[in-house]
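A.B. asks: build me a model:
(2 chains)
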Amino acid sequence: MAYDPLLGLSIGELGAKIRSGETSPTALARAAMDALDSDGRKLNAVAAIMEDRAMRQAERAEAELEVGHDRGPLHGIPWGAKDLLAAVGAPTTWGATPFKEQVFDFDATAVKKLEQAGAVLVAKLAMVELAGGMGYEELDAAWTGPGLNPWDHDSWAGGSSSGSGAVVAARLLPFAIGSETFGSIVTPASYCGISGLRPTYGRVSRYGAMALSWTLDKLGPLARSAEDCGLVLDAIAGPDKNDPTSAQRTFQYPSQKMRRDGFRFAIPAGWDEGTEPEVVDNINESLDTLRQIGTVEEVTLPDMPSGQAARIIIAAEGASAFEDIIEDGRVMQLQAPSCRVKPHVHAMIPARDYLRAMRVRRHVSVAYDRITAEYDAIVGPTTGNVSPLLTKGLDRSSRPTTSGPIGASGNLAGLPAIAVPNGFGDRGMPTSLQFTGRAWTESRLLTIAAEYQARTKHHKATPVV
Amino acid sequence: MTTMIQKQRTSTAKITTASTSWRLPDTATARRFQYFMPSNSGNASDTPDAQDIPAMATAALARFGDRLDAQQTELLIKTARQLESAAEDLREWELSNGDEPDTSFKAIEGQDS
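C.D. replies: Next comes the predicted model:
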């Protein structure tokens, strides 16, 4: 095992050690790259290690600190980018064979903002090909191979931000950036036993990120704790003239105005249907913990065709975003057999079906705004199951279970959510608790999740890689 | 656009002017449908005939069918059915004339003049 135990520390702890001289940005960058090159590759979690860029950034970070120029909590902290973020210094493959040689000569806005915050980009991290938008049914749907779970190498890391989830869980990096169209941040967070924040749609600029579904794609952090997620979101959030969907809002973490208790939580009626027994037990235990900082009541969610609308929208927008490879046949180079087929029919979704889905979506947004306005957070299992064994495929028919009770509606309405580990279930694999809030309430969700983590130790559990 | 039209013209299937109205596959394309047509071998009642194939699948096969083998064609049709089913569910949701799609379009910012 090559990795440095320092990499298992939180962002705050690492920052303190950098400033005390106990370690340095260059030492951390080197340790992280060594760890990724050995254990990270064993997990199929690495797309590229960015040695030259990383060492340049780390040396600069070190030199700046020596002269008293401190860029803040991320200064000198190594991180990894899901391989759908453009970054100078390595190919950006989108996890897909047809794009293995793709190189961009600019940085995505999120990459640029993290550089401005002093963070050191050390690697591009593996992902499900084309962020899973082609409807993959196989768990090895990536040119890097199946994302392996650090808790059990025979189990899946989750998708589509597989590498981002795995390396953070394995303590190879303190944080990574992932993306979510429908579940791609919170699912690997759940399966790998880490914290993952899906911000409100528009909170983080997607400029330079691969487009799968323009109206659903979001970027967000995967880290060891809610607090670390907050620190990263602080760095990457904000308006961007290059992304017209980015909101004209600023975000600051930690927010000084947040209350620490007296929260009102809701749990959807029927949340435990089709949910694995251990997941149910752990959620019930979590609810007991949450009652220490608030009240929990059951709420009946409206019966709306959210899953169906999400399916049509992602398929139609994805087929448009990747029209070129569908037309010229490169889609047949994709890894997963299902991904070579489904885009051909996604491309034929009639405009009226897409538009109807988008019209229904407005109803979903309004309905869920009303519900989330009543509570500080809707809680429930992030996924109704633990990570599946690699020998099993992804059963799309169980999607409502694998995405939790509010996955489709939450993504359709662009709502923020944070997933935090809350114990272990079948085969000793992690389970996860999700908080979903009203749009733009990330500060509140992060505060709640931090309060939950202050009362539990699940986020401290470490797998043996 | 020119490229698209040229591609359509060279396709093995002919496309009518109505976007969702596709002719049944011509002979070359129909051969690829054989897997789904009643045949002397196997149980004919278990295999859907071409009439059961959703329009989306017919369109996809007319345009891209050359690339797909029988197993892939089966998955394509299954996927089309799932999409069709999702679309049917959405059609049951009552919408009024004023219900606009939730698109992200907005005019490019500029100054009033």
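
A.B. asks: okay, CA-based contacts and neighbour counts for the rest of this
C.D. replies: Noted.

A.B. asks: can you tell me the SS state at residue A:178?
C.D. replies: strand (DSSP: H, G, I helix; E, B strand; the rest coil).

A.B. asks: show me what contacts it?
C.D. replies: The contact partners of residue A:178, taken as CA atoms under 8 Å, 6 or more residues apart in numbering or on different chains, are A:81-82, A:161, A:164, A:184-185, A:219-222.

A.B. asks: what number of residues lie near the one residue in chain B that gets nearest to chain A?
C.D. replies: For chain B and chain A, the shortest gap (CA to the nearest CA) falls at residue B:101, measuring 3.9 Å. Residue B:101 has 16 neighbouring residues, counting by other CA atoms under 10 Å in any protein chain shown.

A.B. asks: give the contact list for it.
C.D. replies: Residue B:101 touches A:355-362, counting by CA under 8 Å, 6+ apart.

A.B. asks: highest neighbour count among the contacts of residue A:178?
C.D. replies: residue A:164 (38 neighbours).

A.B. asks: look at the residue positioned nearest the centre of chain A and report its pLDDT.
C.D. replies: Using CA atoms, centre = their mean, the residue of chain A that lies closest to the mean C-alpha position is residue A:185, 2.3 Å off. We have a pLDDT of 98 for residue A:185.

A.B. asks: residue B:4 now?
C.D. replies: The model's pLDDT for residue B:4 equals 38.

A.B. asks: likewise for the one 4 residues further on?
C.D. replies: Reported pLDDT at residue B:8 in the predicted model: 36.

A.B. asks: what do you get for the one 10 residues further on?
C.D. replies: Residue B:18 carries a pLDDT value of 35.

A.B. asks: what's the answer for residue A:300, then?
C.D. replies: 95.

A.B. asks: am I right that it is in contact with residue A:268?
C.D. replies: Yes - the criterion here is CA atoms under 8 Å, and residue A:300 meets it with residue A:268 at 5.7 Å.

A.B. asks: so between the two, which is more surrounded?
C.D. replies: More crowded of residue A:300 and residue A:268, by other CA under 10 Å: residue A:268, with 17 against 12.

A.B. asks: show me what contacts the more buried one?
C.D. replies: A:298-301, A:378-380, A:405.

A.B. asks: can you tell me the helix or strand for residue 88?
C.D. replies: I went with chain A, as the question did not name one. For residue A:88, there is no enclosing helix or strand under DSSP states H and E.

A.B. asks: actually chain B
C.D. replies: helix B:70-91.

A.B. asks: and that helix, anywhere near chain A?
C.D. replies: Yes - using CA under 8 Å from any CA of the partner chain, helix B:70-91 reaches chain A at B:72-73, B:75-76, B:79-80, B:83, B:86-87, B:89-91.

A.B. asks: drop anything exposed from those residues.
C.D. replies: Among the residues of helix B:70-91 next to chain A, those buried by neighbour count (16 or more other CA atoms under 10 Å in any protein chain shown) are B:72-73, B:75-76, B:79-80, B:83, B:86-87, B:89-90.

A.B. asks: tabulate these (JSON lines), appending pLDDT and distance to residue A:99.
C.D. replies: Shown next, in JSON lines, are these (pLDDT from 0 to 100; distance: CA to CA, whole Å):
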{"residue": "B:72", "pLDDT": "98", "distance to residue A:99": "23"}
{"residue": "B:73", "pLDDT": "97", "distance to residue A:99": "25"}
{"residue": "B:75", "pLDDT": "97", "distance to residue A:99": "25"}
{"residue": "B:76", "pLDDT": "98", "distance to residue A:99": "24"}
{"residue": "B:79", "pLDDT": "97", "distance to residue A:99": "25"}
{"residue": "B:80", "pLDDT": "98", "distance to residue A:99": "27"}
{"residue": "B:83", "pLDDT": "97", "distance to residue A:99": "27"}
{"residue": "B:86", "pLDDT": "97", "distance to residue A:99": "31"}
{"residue": "B:87", "pLDDT": "97", "distance to residue A:99": "32"}
{"residue": "B:89", "pLDDT": "97", "distance to residue A:99": "36"}
{"residue": "B:90", "pLDDT": "97", "distance to residue A:99": "35"}
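
A.B. asks: and for residue A:336, the neighbour number?
C.D. replies: 22.

A.B. asks: list the contacts for the closest residue to it other than its chain neighbours?
C.D. replies: Distances taken as CA to CA, 6 or more residues apart in numbering or on different chains place residue A:141 nearest to residue A:336, at 4.7 Å, with adjacent residues excluded. Contacts for residue A:141 (CA under 8 Å, 6+ apart) come out as A:128-129, A:132, A:334-336.

A.B. asks: picking that back up, make CSV from the contacts of residue A:178 and add secondary structure and distance to chain B to it.
C.D. replies: Shown next, in CSV, are the contacts of residue A:178 (DSSP: H, G, I helix; E, B strand; the rest coil; distance: CA to the nearest CA, whole Å):
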residue, secondary structure, distance to chain B
A:81, strand, 26
A:82, strand, 25
A:161, coil, 24
A:164, helix, 28
A:184, coil, 21
A:185, coil, 22
A:219, strand, 17
A:220, strand, 20
A:221, strand, 24
A:222, strand, 27
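
A.B. asks: taking those residues, tell me the two that lie furthest apart.
C.D. replies: A:81 and A:184 (13.8 Å; CA to CA).

A.B. asks: from residue A:407, how far off is the residue nearest to the centre of chain A?
C.D. replies: 11 Å (CA to CA, to the nearest Å).

A.B. asks: which residues in the stretch 1-150 of chain A form helices?
C.D. replies: A:11-20, A:25-35, A:41-42, A:51-66, A:109-116 (DSSP state H, counting those that start in this stretch).

A.B. asks: I should have written chain B there, sorry.
C.D. replies: B:2-10, B:27-33, B:55-64, B:70-91 (DSSP state H).

A.B. asks: was I right to think residue A:339 contacts residue A:139?
C.D. replies: No - with contact defined as CA under 8 Å, residue A:339 does not count as touching residue A:139 (11.6 Å).
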